[in-house]
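Undergrad: quick one, fold the following:
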Amino acid sequence: MKKILAQAWKEFSLFRRDKLLVLLAVLMPIVLMTLAGVTGSLRLRNVSILVFDYDNTPLSRTYLETYGAALTFRMVPRQPGESAERALASWRGRAALIIPQNFERDFRRGSEPVVQLLIDATDSNAATALGNYAQSLNIAFVLKNKLGAPPAKGVNLQSRFWYNPGLSERIYFGTGGLGLMLIIFPALLGALTTAKEYETGTIIQAYASSLTAVQWILGKALIYVLVGIVEFVLCFALGLFIFEFRFPTDPTVLLIATVLYLLSGVFFGMMCGNATQNQSAAIQAVQMGSFLLSLLLAGYIFAIRNIPIQIRWLSSFLPATHYIQIVRNSILRNVGWGTSLRPLLMLLALTFSFFLLNVIQMRKMQFKG
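TA: Numbering: from 1, shown residues only. All right, here's what the predicted structure looks like:
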């Protein structure tokens, strides 16, 4: 234990001398977590919709007012002689509403004129949501103006939003952003300092010393896990003020998972540093292995069940997948061990696997006394 603490103190002495590294470890997680949590949005607001009213009657204007009153759409006037296709192609609008001639006359006669809505489906999910919103507005217009008989009330459905009744997007993206920040910077610090040992030649001291591979790895990782804990405290405090975080009733599973998560990130970074032995290459390996894959496959942006099954299995090998699930279980849903035990065990298995790979890498190169 004394050798592990001695190695940790040596690593801390080197770390505190590098002011840029200290700034990177403390300030950047706060900045990036703020950006990750604030910029993401699941709602559609102020979607520009161009209007082509070829009827221009009181009823057609009333129909347009239904869209104008909705928060989803923002009415944009069309230019003279502009077609709907050209307007969508020029990005002046994401949708075009075309009201035909004789709209009011046909509606009064009950012949149901067809109103066309052209939607830019470049983003297929947003296009589907816009189509559903428009359908709801159309039904509301018909019922409000008594242009159709209301359906018979067979079932009265009352919806209640659980866990997040205010439909807050900040807490959803903020909890995911916490997981991303804690995998990037501890892994990056572990990779940089390990690769630097090879570039400066000080790794020879570790090979020739009486330290075992396990002692050297644990001593080196300890300081960066402590730095990660400081980052967790800062980011959690930021979440309380900006992202509507709540203290979980039972915080033990979150705390244990955080320590394991930080260990897995540092061990992964050290593994990249040992493998590349170059700081630039180590940074690229961490960016690809810890950040990019976690961003796309860990459930931060896309639900894991929506990822194609051909690559979905990769999510199981990402520590961020399991940690983000635990964070959202604890902070967003306020549930404890019952739902978080399985991801916690997966996190433990990944942490041990990364540690074992580091030990194998070091033992191959360590001198025998």
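
Undergrad: show me where this structure has strands.
TA: Taking DSSP state E to define them, one finds strands in the chain at 47-53, 73-76, 95-99, 116-119.

Undergrad: of all those, which gets the most neighbours per residue?
TA: With neighbours taken as mean count of other C-beta atoms under 10 Å, the strands of the chain reach their highest mean count in strand 95-99, at a mean of 22. (C-beta placed from N, C-alpha, C; glycine too.)

Undergrad: tell me, how many residues neighbour Leu88?
TA: 18 (other C-beta atoms under 10 Å).

Undergrad: let me know the pLDDT of it.
TA: On pLDDT, Leu88 comes in at 81.

Undergrad: that one and Ala127 touch, don't they?
TA: No. Distance between Leu88 and Ala127: 11.5 Å, which falls outside the contact criterion (C-beta atoms under 8 Å).

Undergrad: shared neighbours, these two?
TA: The contact sets of Leu88 and Ala127 overlap at Asp120 (C-beta atoms under 8 Å, 6 or more residues apart in numbering).

Undergrad: before we move on, back to that, how about the strands of the chain in JSON lines, adding distance to Val22?
TA: Listed next are the strands of the chain as JSON lines, based on distance: least, C-beta to C-beta, whole Å:
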{"stretch": "strand 47-53", "distance to Val22": "44"}
{"stretch": "strand 73-76", "distance to Val22": "46"}
{"stretch": "strand 95-99", "distance to Val22": "50"}
{"stretch": "strand 116-119", "distance to Val22": "50"}
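
Undergrad: shaky segments in the stretch 101-250 of the chain?
TA: 122-125, 146-161 (pLDDT under 70).

Undergrad: might you report the residue contacts of the residue sitting nearest the centre point of the chain?
TA: What sits nearest the mean C-alpha location of the chain, by C-alpha atoms, centre = their mean, is Tyr300, with 2.8 Å. Tyr300 is in contact with Phe173, Gly176, Gly177, Gly179, Leu180, Ser294, Ala320, Ile324, counting by C-beta under 8 Å, 6+ apart.

Undergrad: now Gly176. Nearest residue, chain neighbours left out?
TA: Leaving aside its chain neighbours, Gly176 sits nearest to Tyr300 (4.0 Å; criterion: C-beta to C-beta, 6 or more residues apart in numbering).

Undergrad: in this protein, which residue sits furthest out from the middle?
TA: Most peripheral residue of the chain (C-alpha atoms, centre = their mean): Arg109, 51.4 Å.

Undergrad: which stretches in the stretch 251-369 of the chain count as helices?
TA: Along the stretch 251-369 of the chain, counting by DSSP state H, counting those that start in this stretch, helices occupy 252-276, 279-286, 293-297, 309-312, 319-327, 337-365.

Undergrad: wait, I meant the stretch 1-150 of the chain
TA: For the stretch 1-150 of the chain, helices defined by DSSP H, counting those that start in this stretch occupy the ranges 2-17, 19-39, 58-68, 84-89, 103-109, 124-144.

Undergrad: and of the contacts of Tyr300, the nearest to Ala96?
TA: Closest approach to Ala96 among the contacts of Tyr300 (C-beta to C-beta): Phe173, at 30.9 Å.

Undergrad: can you give me the distance of the closest one to Gly179?
TA: Counting by C-beta to C-beta, to the nearest Å, the gap from Phe173 to Gly179 is 11 Å.

Undergrad: could you do Gln135 as well?
TA: 36 Å.

Undergrad: repeat for Ala320
TA: 5 Å.

Undergrad: anything in contact with each of these two?
TA: Counting by C-beta under 8 Å, 6+ apart, the shared contacts of Ala320 and Gly179 are Ser294, Ala298, Tyr300.

Undergrad: residues near the closest residue to the first one other than its chain neighbours, how many?
TA: The shortest distance from Ser294 to any non-neighbouring residue, by C-beta to C-beta, 6+ apart, is to Ala320 (3.7 Å). The tally of other residues near Ala320 (other C-beta under 10 Å) stands at 28.

Undergrad: kindly report the same for Ile304.
TA: The tally of other residues near Ile304 (other C-beta under 10 Å) stands at 14.

Undergrad: state the distance from the closest residue to it other than its chain neighbours to Gly269.
TA: Nearest residue to Ile304 in three dimensions, chain neighbours excluded: Ser315, at 5.3 Å (C-beta to C-beta, 6+ apart). Counting by C-beta to C-beta, the gap from Ser315 to Gly269 is 20 Å.

Undergrad: quick one: which of these two has more around it?
TA: Counted by other C-beta under 10 Å, Ser315 and Gly269 do not tie: Gly269 has more neighbours, with 33 against 18.

Undergrad: residues contacting the closest residue to Tyr323 other than its chain neighbours?
TA: Nearest residue to Tyr323 in three dimensions, chain neighbours excluded: Tyr261, at 4.4 Å (C-beta to C-beta, 6+ apart). Under the criterion of C-beta under 8 Å, 6+ apart, the neighbours of Tyr261 are Gly179, Leu182, Ile183, Pro319, Tyr323, Leu347, Thr351.

Undergrad: check contacts around the spatially closest residue to the fourth one that is not a sequence neighbour.
TA: If you skip the residues right next to it in sequence, Pro319 has Ser264 as its closest partner in space, 4.3 Å away by C-beta to C-beta, 6+ apart. The contact partners of Ser264, taken as C-beta under 8 Å, 6+ apart, are Pro319, Leu347, Leu350, Thr351, Phe354.

Undergrad: got these as a markdown table, with pLDDT, distance to Trp9 and neighbour count columns?
TA: Putting those into a markdown table (pLDDT from 0 to 100; distance: C-beta to C-beta, whole Å; neighbours: other C-beta atoms under 10 Å) gives the following:
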| residue | pLDDT | distance to Trp9 | neighbour count |
| --- | --- | --- | --- |
| Pro319 | 93 | 27 | 30 |
| Leu347 | 94 | 28 | 26 |
| Leu350 | 94 | 28 | 23 |
| Thr351 | 94 | 23 | 21 |
| Phe354 | 93 | 23 | 21 |
